[in-house]
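1. predicted structure and sequence below. I'll ask about it afterward.
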Amino acid sequence: MNEASGINLELQKLEKSAILLGRRSMPLQLVLFVTSRCNMRCDHCFYLDEINDSSRTELSLEQIETLAKELGGLHWIALSGGEPYLRKDLVEITQAFYKHCRPNIMSHVTNGYYPERISVMTKKMADSCPKSKNLVIFSLDGLEETHEQIRHSPGSFGKVKESIQATQKHQSEYSNLETGIVITAQENNREELIPLIEYIENKLMPDGIYINLQRDHNQPSNVLVDPLTLKYYQEAVVFYENLRAKKHLKKSSLLDRLLDGKNKLQKKTIAKIAKENAYQFPCLAGKVSVVVDELGNVYACELLKDPIGNLTSQSFKEIWFSDEGIKLSNSITESKCYCTHECAMSSSILFNPPKLVQSMISGMLG
C-alpha cells in the first residue's frame, strides 16, 4: 500500500466519526467470524451450536476482500470463530483488511492449540501489516487441570503456553506485534482467577490480560449472572488493574492510557449491569460497530439472532443503509438495549463523548 492510499483511509476514518454528530456513516469496528470450525468444545462457548453444525460454509477470501473494499478505513477489526487458525488463508484475510481498511488494531482470539502454525502465520501477519497493531489474544481459563476441564481438551494447557512463547519470540523483530491472554470468568474457575492472573504475569508475561465475564444466553436486556461469580470477577479485575498500574502504566503512551481508562470504565459498567440487570448508557452497536459471521450474515450485534442481510445476495452498503438496518440500529438506542458484551461496549464508550472524557481522566490518573 502506498502512502497516499494510507492517508486516504485515515481520512475515511475521520469522516466516519460523524457518528459523534448523530449522522449515520459506515462502521469503524468490525467483528468477523472467519470460521465456525473449532477443535474444542468449551463449557462457556456462546457459539457452540454453530460450531457443532458441520454443514456451515464459509465466506471465501474473495468475498471477504470485497467486504474489506466496501468498508474502507476502520479503527479495529476483531477476527473470531471457531478457531481462526483453522483457516489456511488467515494471513491473506488480514492482508486484505490491511490493504483496504488500514485498521489501527487487528486482533484475533485463539485457543493456542497449534504452536507452529500460529508462530509462522503470526510472523507473516506482523510483517505484512506493519502500520497496524497485530494483537494475538490467547484463551486461558484456569491453571492446567481447570483449563483442560473447561475446554474438554487434554494437553491444551501446554499447547497454549508453547504458542504464547513462540509468538513472543517474534516481538523483538516486530514492534507492531502484541500478545494478550483472555480469561472468561465463570463458575468453574472463579476461585482460581487471582492465582491464574499471578501465574500469567509471572510465567507468561503477555502485554495484557483481558478478564471477561461469561455471557449468559438470555442477553440482551436480561442479564443473569451468579452473584458469587460476579464477586470473584470484580475482585480479579481490581487485582489486575493494581498490578498493571504498578508494572506497565508508567511506560504507557497516551493512547494506551486512554485504552486502560476505557477498560476500567468498561469493567465497572459490566459489573453494574450484571448486578442490577439494568441499562447504563446508549449502545452504538449497528452504528459504530458491525458483526459478520462466516456465512455472510450481517448483524448489528452478535447477541441479536436475526441478521439484517447477507453478503452473498447484497452488498454491505445496501445492507447497512437499508431501511431495516437503520431501523434496527435506532431501536437498539431507543429501547435502551443493554448487555455485558465487551466488544459492543468498547465502541459505545469511545464514541460517547462524556464516557470518552471519563476514560481519559481514568487513564491519566492510573
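-> Yep, it's here.
2. burial of residue 335, as a residue count?
-> If you count neighbours by other C-beta atoms under 10 Å, residue 335 ends up with 12. Using the backbone N, CA and C atoms, a C-beta is placed for each residue, glycine as well.
3. and the pLDDT at it?
-> pLDDT for residue 335: 95.
4. show me where the stretch 251-366 of the chain has helices.
-> With DSSP state H, counting those that start in this stretch as the definition, the stretch 251-366 of the chain shows helices at residue ranges 254-276, 316-320, 323-334, 342-350, 353-365.
5. adding distance to residue 234 and mean neighbour count, write these out as CSV.
-> Shown next, in CSV, are the helices of the stretch 251-366 of the chain (distance: least, C-beta to C-beta, whole Å; neighbours: other C-beta atoms under 10 Å):
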stretch, distance to residue 234, mean neighbour count
helix 254-276, 5, 18
helix 316-320, 37, 18
helix 323-334, 27, 15
helix 342-350, 15, 22
helix 353-365, 16, 15
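6. to residue 225, which of those lies closest?
-> Among these, helix 254-276 comes nearest to residue 225, with 4.0 Å by C-beta to C-beta.
7. those strands in the stretch 151-300 of the chain, which residues are they?
-> 177-185, 208-213, 289-292, 297-299 (DSSP state E, counting those that start in this stretch).
8. just the element for residue 136, please.
-> Using DSSP states H and E, residue 136 maps to strand 133-139.
9. and residue 61, what does it touch?
-> 89, 92-93, 96 (C-beta atoms under 8 Å, 6 or more residues apart in numbering).
10. I misspoke; the intended subject was residue 169.
-> So residue 169 contacts residue 119 (C-beta under 8 Å, 6+ apart).
11. tell me the confidence at it?
-> Taking residue 169 on its own, its pLDDT is 98.
12. please report the distance of it from residue 120.
-> Using C-beta to C-beta, to the nearest Å, residue 169 is found at 12 Å from residue 120.
13. one more: residue 10?
-> The gap separating residue 10 from residue 120 is 30 Å, by C-beta to C-beta.
14. picking up where we left off before, which one of the strands of the stretch 151-300 of the chain is the most hemmed in?
-> When the strands of the stretch 151-300 of the chain are scored by mean count of other C-beta atoms under 10 Å, the highest mean neighbour count falls to strand 289-292 (a mean of 26).
15. packing partners of that one?
-> The contact analysis (3 or more C-beta pairs under 8 Å, 6 or more residues apart in numbering; DSSP states H and E) places strand 289-292 against strand 29-33, strand 297-299, helix 342-350.
16. any chance of a markdown table for those, columns mean pLDDT and distance to residue 154?
-> Shown next, in a markdown table, are the helices and strands packed on strand 289-292 (pLDDT from 0 to 100; distance: least, C-beta to C-beta, whole Å):
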| stretch | mean pLDDT | distance to residue 154 |
| --- | --- | --- |
| strand 29-33 | 97 | 27 |
| strand 297-299 | 97 | 34 |
| helix 342-350 | 88 | 29 |
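17. could I get those as JSON lines with distance to residue 110?
-> What follows is the helices and strands packed on strand 289-292, written out as JSON lines (distance: least, C-beta to C-beta, whole Å):
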{"stretch": "strand 29-33", "distance to residue 110": "14"}
{"stretch": "strand 297-299", "distance to residue 110": "22"}
{"stretch": "helix 342-350", "distance to residue 110": "16"}
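18. quick one: which of the ones you listed is nearest residue 253?
-> Nearest to residue 253, of the helices and strands packed on strand 289-292 and by C-beta to C-beta, is helix 342-350 at 16.2 Å.
19. what helices or strands is that closest one leaning on?
-> Secondary elements touching helix 342-350 (3+ C-beta pairs under 8 Å, 6+ apart): strand 29-33, strand 76-80, helix 254-276, strand 289-292, helix 353-365.
20. list the buried residues of the helix or strand just after the first one.
-> Moving toward the C-terminus from strand 29-33, the first helix or strand encountered (DSSP H and E) is helix 48-51. For helix 48-51, burial by neighbour count (16 or more other C-beta atoms under 10 Å) applies to 50-51.
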